[in-house]
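Asks: Generate a structure from the sequence data that follows.
(chains A and B)
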Protein chains: 2
Amino acid sequence: MRMRTCVSSMAAGGNMEWLKSVKGVILDMCGVLYDSGEGGGQAIHGSIEAVKRLMDSGLIVRFCTNETQNTREKFVQKLRAMGFDISVSHVFSPAPALVRILRERRLRPHLLVHDDLMPEFDDVDTSSPNCVVIGDAADKFSYQNLNEAFRVLIGLEKPLLFSLGQGRYYKETDGLKLDVGVFMKALEYACDVQAEVVGKPSADFFQTVLNDMSLQPHEAVMIGDDLLNDVGGAQRCGMKGIQVRTGKYRPSDEKHPSVRADGYVDDLAAATDAILTNP
Amino acid sequence: MRMRTCVSSMAAGGNMEWLKSVKGVILDMCGVLYDSGEGGGQAIHGSIEAVKRLMDSGLIVRFCTNETQNTREKFVQKLRAMGFDISVSHVFSPAPALVRILRERRLRPHLLVHDDLMPEFDDVDTSSPNCVVIGDAADKFSYQNLNEAFRVLIGLEKPLLFSLGQGRYYKETDGLKLDVGVFMKALEYACDVQAEVVGKPSADFFQTVLNDMSLQPHEAVMIGDDLLNDVGGAQRCGMKGIQVRTGKYRPSDEKHPSVRADGYVDDLAAATDAILTNP
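Replies: Numbering: from 1, shown residues only, chains lettered A, B, ... in the order given. Now for the predicted structure:
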C-alpha cells in the first residue's frame, strides 16, 4: 500500500524523533480535509475519521484556512455538513484576524472582497477609507473595481494595503482561477507599496493559533497541501510542517529549491497514522 | 520667464556640451506633444511649432510611444488632426515591434489587448497559442479574460509572456486608470515567470529607433515626460534623456533616488530652444 510506504518513508528518513514532542496539530482545510468543487466539494477519503482520531488522542487540534469566499460560520457549516466535527472557535481564517487588526489600529477599509465574505465586516466602519483590503473577490476583480481600489490607495498619504492571503491560483471544477495574491501584486506595483498579508503564511497569523493552543512552536505541527504557505510558513515560525499529497500538491514540490517539508505523506489519514504511532 | 530659467538651468549646470553632438531627437508623444483627454486630447502649447522647428533644423526626428489602445495608423491620424506634421513611418510603437518578434520567433499569441489594437495583428496566426501578449486592454482586463490568459500561460511547457510596455497607471478625464504593467505583474506572479517587455524602456525597442535613424546612441537625445521609461530607458542605451515638466511629470521626479535626467525643461518648446541654440 502506498500510504504505508509513505509513513515508513518518513520513519526511514530518521526524522521521526520530533513527532514525540508534538502536542498539537494545525490542519489546513481545503485540499487536506476536502476537495472544493461542485456543491461545495467533498471530503477527502479517510479525513473525517483522521480528524476524529486526532481529537480523541488528546492532541490539541486547530484548523487554519485562507478561505475568504465565505464567512467563517458558513464555511464551518459546510464542513460539518460533510461530516467533520468542527467548531467555529477552533477555525482560524483571515477575515476575523483582519477585523481585529482594523479595530486595534483604528483603520477604516475600502473593501474589495467576495460578497459572501461581507458579513464579517458588518461592524466595521468603512466611511472615509484609510486603507484597502482585498480578499479572493473572484468575479468582482473587474477592471472597474480594481481601479476603484487603486484610486483609494494612491490617494492616501501613505498607501496601506491588506491582502487576505497571497495565493497564486486554485482549482475549481471549471478550471484554474487566479487567487488574491495576483491582485495584491498588481496593486503593490501600481502604488509602489508592499501589502500586509493577513492569513497564511504570515507569522502573526500562525502565532495567533499557537497562542490559542497555549503551545510553543516546536510543540506543534502544521499539515497542509501548500508547500510555501502551509509548510514553509509554519517552519518559519519554528513549527514542523508536513505536506500531504492531496489538493494542490504537485510532485515537483518534493524537489523545491528552498522549502523542504519535515515529512511527505499521501493524505491526512497517513499523517495521522504517523503521528499517533509515535506518541 | 520660467522657460528661459529652465533652459539656462541646464546651461548653468555645465551640461550643455553634449547637446553639440546631438544629431537626432526621439520624442515621446502623450504628455510631450499632447495631453490625452476628451475627444482624443489636445496639443500641448508650443509643441506643434517645436516639432516643426526640430524637423526644419536638419536634425533626424523620430517618435516613440507606448500607445497600445489604437493602431499606429489611427494614432497618427489623431495627431495629424491636432496639427502635427507626422508620418506613420517615423512613429515607433510596441505592437508593430511585437509583430516582428512573433514572426521571427514563429510564435502564435493569445491576445489580451484593446479591441482597437486588434487590426495590428490581422496577419498573425493566433491558433494553438504558444505565448500570451498583453497590452493596455483597459475594460477588457476582466477576471474572466485574465483567467483565460493565465490558463493559456500556465498550460505552456515554458510560459512566455509579452507585455506591450510596463506602465503603472495613466490619467484620463474620469480619473487614474491602471496600465498594462500592473496586469503584467499579476500574471508574472501567477505563473512565476518574467515577462518580455516590448516598448519603452526595452533597450531593443530604443535600438530599433536608433537603427532607423542610422545614429549611435550618444548622437541621440530622448525627450519624455516619464522619468523611468523615457529618460531612464534611453540613458541605459547610452542616449541622453531630457524630462519635460508636462504630462505625467511630478516635481518629485527631480529628486528620484536612481534616475537623473540630463536636463529638465518646462516643455517641448523649451527643450527645442535648448537644442537649437546649441548647434
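Asks: does any part of the helix or strand that contains residue A:190 sit near chain B?
Replies: Taking DSSP states H and E as the definition, one finds residue A:190 inside helix A:180-191. Yes: counting by CB under 8 Å from any CB of the partner chain, chain B is contacted by helix A:180-191 at A:181, A:182, A:183, A:185, A:186, A:187, A:188, A:189, A:190. From N, CA and C alone the C-beta is placed, and that goes for glycine too.
Asks: which secondary structure elements does that helix contact?
Replies: strand A:131-134, helix A:143-154, strand A:161-164, helix B:180-191 (3 or more CB pairs under 8 Å, 6 or more residues apart in numbering or on different chains; DSSP states H and E).
Asks: got a list of contacts for the very next helix or strand once past that helix?
Replies: Proceeding N to C from helix A:180-191, the next assigned helix or strand is strand A:196-198, under DSSP H and E. Outside of strand A:196-198, the residues within contact range by CB atoms under 8 Å, 6 or more residues apart in numbering or on different chains are A:94, A:97-98, A:101, A:160-166, A:184, A:204-205.
Asks: Strand A:196-198: partners in the sheet, and parallel or antiparallel?
Replies: strand A:161-164 (parallel) (DSSP bridges).
Asks: same question for the partner strand, mean pLDDT?
Replies: Throughout strand A:161-164, pLDDT has a mean value of 98.
Asks: Contacts made by it with the rest, please.
Replies: Counting by CB under 8 Å, 6+ apart, A:66, A:68, A:94-95, A:98, A:101, A:109, A:113, A:131-136, A:153, A:180-181, A:184, A:187-188, A:191, A:193, A:195-199 sit against strand A:161-164.
Asks: cool, and stretch A:140-153?
Replies: Residues contacting stretch A:140-153 (CB under 8 Å, 6+ apart): A:110, A:112-115, A:129, A:132, A:134, A:137, A:159-161, A:178, A:183, A:186-187, A:190-191, A:193, B:138-143, B:146, B:169, B:175-178, B:182.
Asks: what is the rounded mean pLDDT of the helix or strand where residue A:75 lies?
Replies: Following DSSP H and E, one finds residue A:75 within helix A:72-82. Here helix A:72-82 scores 96 as its mean pLDDT.
Asks: helices or strands next to the helix or strand just after it in the packing?
Replies: Going down the chain from helix A:72-82, the next helix or strand is strand A:91-92, by DSSP H and E. Judged by 3+ CB pairs under 8 Å, 6+ apart, strand A:91-92 is in contact with strand A:60-64, helix A:72-82, helix A:203-213.
Asks: Between these, which one is closest to chain B.
Replies: helix A:203-213 (20.2 Å; CB to the nearest CB).
Asks: buried stuff in that closest one?
Replies: Of the residues in helix A:203-213, those buried by neighbour count under the rule 16 or more other CB atoms under 10 Å in any protein chain shown are A:205, A:206, A:208, A:209, A:210, A:213.
Asks: can you redo those as TSV with distance to chain B and pLDDT?
Replies: Output for the buried residues of helix A:203-213, formatted as TSV (distance: CB to the nearest CB, whole Å; pLDDT from 0 to 100):
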residue	distance to chain B	pLDDT
A:205	20	96
A:206	22	97
A:208	26	95
A:209	26	97
A:210	29	98
A:213	32	98
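Asks: And the furthest pair within the residues you listed?
Replies: Pairwise distances across those (CB to CB) peak at 13.5 Å, for the pair A:205 and A:213.
Asks: still on that earlier bit, dump the helices and strands packed on strand A:91-92 to JSON lines, plus distance to residue A:122.
Replies: Formatted as JSON lines, the helices and strands packed on strand A:91-92 follow (distance: least, CB to CB, whole Å):
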{"stretch": "strand A:60-64", "distance to residue A:122": "23"}
{"stretch": "helix A:72-82", "distance to residue A:122": "12"}
{"stretch": "helix A:203-213", "distance to residue A:122": "21"}
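Asks: ok, back up a step: any quick PyMOL command for the buried ones out of the contacts of strand A:161-164?
Replies: PyMOL command restricting those to the buried ones, with burial defined by 16+ other CB under 10 Å:
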select buried, chain A and resi 66+68+94+95+98+101+109+113+131+132+133+134+135+136+153+180+181+184+187+188+191+193+195+196+197+198+199
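Asks: and residue A:110, what is it in contact with?
Replies: Counted by CB under 8 Å, 6+ apart, residue A:110 has contacts A:126, A:129, A:131, A:132, A:133, A:148, A:149, A:152, A:153.
Asks: Correction: the previous question concerned residue A:18.
Replies: A:240, A:262.
Asks: Surely residue A:235 is in contact with residue A:259?
Replies: Yes: with contact defined as CB atoms under 8 Å, residue A:235 counts as touching residue A:259 (7.3 Å).
Asks: So for the two, which residue has more residues nearby?
Replies: residue A:235 (18 against 15; other CB atoms under 10 Å in any protein chain shown).
Asks: which SSE is residue A:26 in?
Replies: Per DSSP H and E: strand A:24-27 holds residue A:26.
Asks: Show me the contact partners of the helix or strand following that strand.
Replies: Note on strand A:24-27: by DSSP H and E, the next helix or strand toward the C-terminus is strand A:34-35. Identification of contacts with strand A:34-35 by CB under 8 Å, 6+ apart yields A:41, A:42, A:43, A:44, A:47, A:79, A:82, A:84, A:246, A:247.
Asks: Run the chain-centre distance for strand A:34-35.
Replies: 14 Å (CA atoms, centre = their mean, to the nearest Å).
Asks: Kindly report the same for stretch A:119-131.
Replies: 23 Å.
Asks: do the same with stretch A:48-68
Replies: With CA atoms, centre = their mean, you get 14 Å for stretch A:48-68.
Asks: Thank you, goodbye.
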